[in-house]
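Asker: My questions are about this predicted structure, shown below with the sequence.
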Amino acid sequence: MDFNFTEEQTMLRDSLARSVADKYDFDKRKAFLASDAGRDPANWAAFAELGLMAAPLPEAYGGLGGGPIDVMVVMEEFGKGLVIEPYLQTVVLGGQALTLGGSEAQKEEHLNAIAAGERIIAAGFYEPKGRYNLADLTTTAKKDGAGYVLNGQKAVVIGAPWADHLLVTARTGGSQREANGVTLFLVPKAAKGVTTRDYPTVDGFRASEVYFENVAVGAEHVIGAVDGALPLVEEVVDHGIAAVCAEAVGAMKVIHASTVDYAKTRKQFGVAIASFQVLQHRMVDMFMATEQSASMAMMASLKLTDSAVERAKAASAAKVQIGKAGRFVGQAAVQIHGGMGVTDEMKVGHYFKRVTMIDAQFGAVDHHLKRYTDLSLADAA
């Protein structure tokens, strides 16, 4: 198997790295995080001009015909810059849901808009008491003529304050945790009965609690099969897991590099602390954890086109590695920086916050250890 990046992927990485360095340096990022909007929409437009939104989408709908590796390249660079634009929610989750389960009309309408940077989607798959179980839903969609009426709540919907559409799951049949009876909807955020409570997250993103009160949607808003959308949602989430794993790798690379640079300049007893053997060993361990995570992120991306079981096992294995490595690399960096590591002025603390949040996103280490074990036992039976 060839693990080398194509010329186009290398060009994409290089152009994105320059753009992030120019538009997303640490001070600029702090400035627009402090703004009312929490972001600069000009960055979204600039990324669209670079072709980032179009990169993984089908050519028939305005995309460039790329795939998971293109997403991995983009997300790693985003991790290096702590980019908060809703790329994961819109292009990875929304784009994949439409590509895999959308009708021809839905693809024409939404994928072209995503590729052009004219659509922002937020994904609401989780609920306050559901933990990471994608089938644990109390949000309901009752049949009403040709359409449906939605009622319920979605928790920590990242990117919802900026979104114009919401990709949400609701129960159209079955019991609360049953695999059957799950349906996926793409709901205009401006629909009557949709309300949000917006707030900043600890890592600089914006999220919402989203409430649906008698929200009427037509059958054209259903993505995929009625009552049978859970496999589609699981596949979309595995794409999201691979993407955030790549983002975490980018963040860990910066954490490690920043720590090495700091150790070379910080002096103790008249010498740079980088000369202390115990700290050299710790920084080598950080490097090894980061490289192992990069390999697992690559594997998760490559396995996205395999069978459902192999895809899910690879995603969970990567998530476990990235969760453990992110904690180790972040904690080691803060310890080497000393008290400065958690101050607002030092970027290493901001990166540590992000990798910590990635550990919880789409399921933490314990959840994915159990998922991997369950899948392996079922596969062996």
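Answerer: Cool, got the structure.
Asker: Can you give the strand pairings for the helix or strand of the chain with the lowest mean pLDDT, parallel or anti for each?
Answerer: Least confident helix or strand, the chain: strand 267-268 with a mean of 88, by mean pLDDT, DSSP states H and E. For strand 267-268, the paired strands and their directions (DSSP bridges) read strand 271-272 (antiparallel).
Asker: Could you identify the helix or strand that succeeds the strand it pairs with?
Answerer: Elements were assigned by DSSP states H and E; along the chain past strand 271-272, the next helix or strand is helix 277-302.
Asker: Counting by contacts, list what that next one packs against.
Answerer: helix 68-81, helix 230-265, helix 308-337 (3 or more CB pairs under 8 Å, 6 or more residues apart in numbering; DSSP states H and E). C-beta: built from backbone N, CA, C; applies to glycine.
Asker: if we can go back for a sec, the least confident helix or strand of the chain: how far from the chain's middle?
Answerer: Centroid separation between strand 267-268 and its chain, computed with CA atoms, centre = their mean, to the nearest Å, is 39 Å.
Asker: List of residues touching it?
Answerer: With contacts defined as CB atoms under 8 Å, 6 or more residues apart in numbering, strand 267-268 is touched by 273, 276.
Asker: Over to stretch 142-151?
Answerer: By CB under 8 Å, 6+ apart, the residues outside stretch 142-151 that reach it are 139-141, 168, 170, 172, 183, 185, 187, 193, 212-219, 221-222.
Asker: let's see 10 Å
Answerer: With contact meaning CB atoms under 10 Å, 6 or more residues apart in numbering, stretch 142-151 is reached by 138-141, 166, 168, 170-173, 183, 185, 187, 191, 193-194, 211-222, 226.
Asker: Would you list the buried entries among the residues you listed?
Answerer: Neighbour-count burial (16 or more other CB atoms under 10 Å) applied to the contacts of stretch 142-151 gives 139-141, 166, 168, 170-172, 183, 185, 187, 194, 211-212, 215, 217, 221-222, 226.
Asker: circling back: output the helices and strands packed on helix 277-302 as TSV; include the columns mean neighbour count.
Answerer: Rendered in TSV, the data for the helices and strands packed on helix 277-302 read as follows (neighbours: other CB atoms under 10 Å):
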stretch	mean neighbour count
helix 68-81	25
helix 230-265	23
helix 308-337	22
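Asker: wait, which of the ones you listed is closest to residue 91?
Answerer: Comparing these by their distance to residue 91 (CB to CB), the top pick is helix 68-81, with 7.5 Å.
Asker: now the closest one, how far from the chain's geometric center?
Answerer: On CA atoms, centre = their mean, the centre of helix 68-81 falls 10 Å from the chain's centre.
Asker: same for that helix, what does it pack against?
Answerer: Helices and strands touching helix 68-81, by 3 or more CB pairs under 10 Å, 6 or more residues apart in numbering; DSSP states H and E, are helix 7-23, helix 87, helix 95-101, helix 230-265, helix 277-302, helix 347-360.
Asker: now do 6 Å
Answerer: If you count contacts as 3 or more CB pairs under 6 Å, 6 or more residues apart in numbering; DSSP states H and E, helix 68-81 packs onto helix 7-23, helix 230-265, helix 277-302.
Asker: Okay, angle between the shortest one and helix 230-265 too, please.
Answerer: Relative orientation of helix 7-23 with respect to helix 230-265: 60 degrees, computed using axes from the mean of the first three to the mean of the last three CA atoms, to 10 degrees.
Asker: For helix 7-23, which helices and strands make contact with it?
Answerer: Using 3+ CB pairs under 6 Å, 6+ apart, helix 7-23 is in contact with helix 68-81.
Asker: contacts for the helix it packs on?
Answerer: Contacting residues not belonging to helix 68-81 are listed as 9, 12-13, 16-17, 20, 24, 52, 55-56, 92, 243, 246-247, 249-251, 254, 301, 304 [CB atoms under 6 Å, 6 or more residues apart in numbering].
Asker: Format the CA atom coordinates belonging to that helix as PDB.
Answerer: Provided in PDB are the C-alpha atoms of helix 68-81 (Å, rounded to 0.1, in the frame of the first residue of the first chain):
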ATOM      1  CA  PRO A  68     -10.900  10.700   3.500                       C
ATOM      2  CA  ILE A  69      -7.100  11.400   3.000                       C
ATOM      3  CA  ASP A  70      -7.900  14.900   1.700                       C
ATOM      4  CA  VAL A  71     -10.000  15.500   4.900                       C
ATOM      5  CA  MET A  72      -7.100  14.100   7.000                       C
ATOM      6  CA  VAL A  73      -4.700  16.600   5.400                       C
ATOM      7  CA  VAL A  74      -7.100  19.500   6.000                       C
ATOM      8  CA  MET A  75      -7.900  18.600   9.600                       C
ATOM      9  CA  GLU A  76      -4.300  18.100  10.600                       C
ATOM     10  CA  GLU A  77      -3.500  21.600   9.400                       C
ATOM     11  CA  PHE A  78      -6.500  22.900  11.200                       C
ATOM     12  CA  GLY A  79      -5.300  21.200  14.400                       C
ATOM     13  CA  LYS A  80      -1.900  23.000  14.000                       C
ATOM     14  CA  GLY A  81      -3.700  26.300  13.900                       C
END
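Asker: pLDDT of the very next helix or strand once past that helix, averaged?
Answerer: Later in the chain than helix 68-81, the nearest helix or strand by DSSP H and E is helix 87. Per-residue confidence for helix 87 averages out to 97 on the pLDDT scale.
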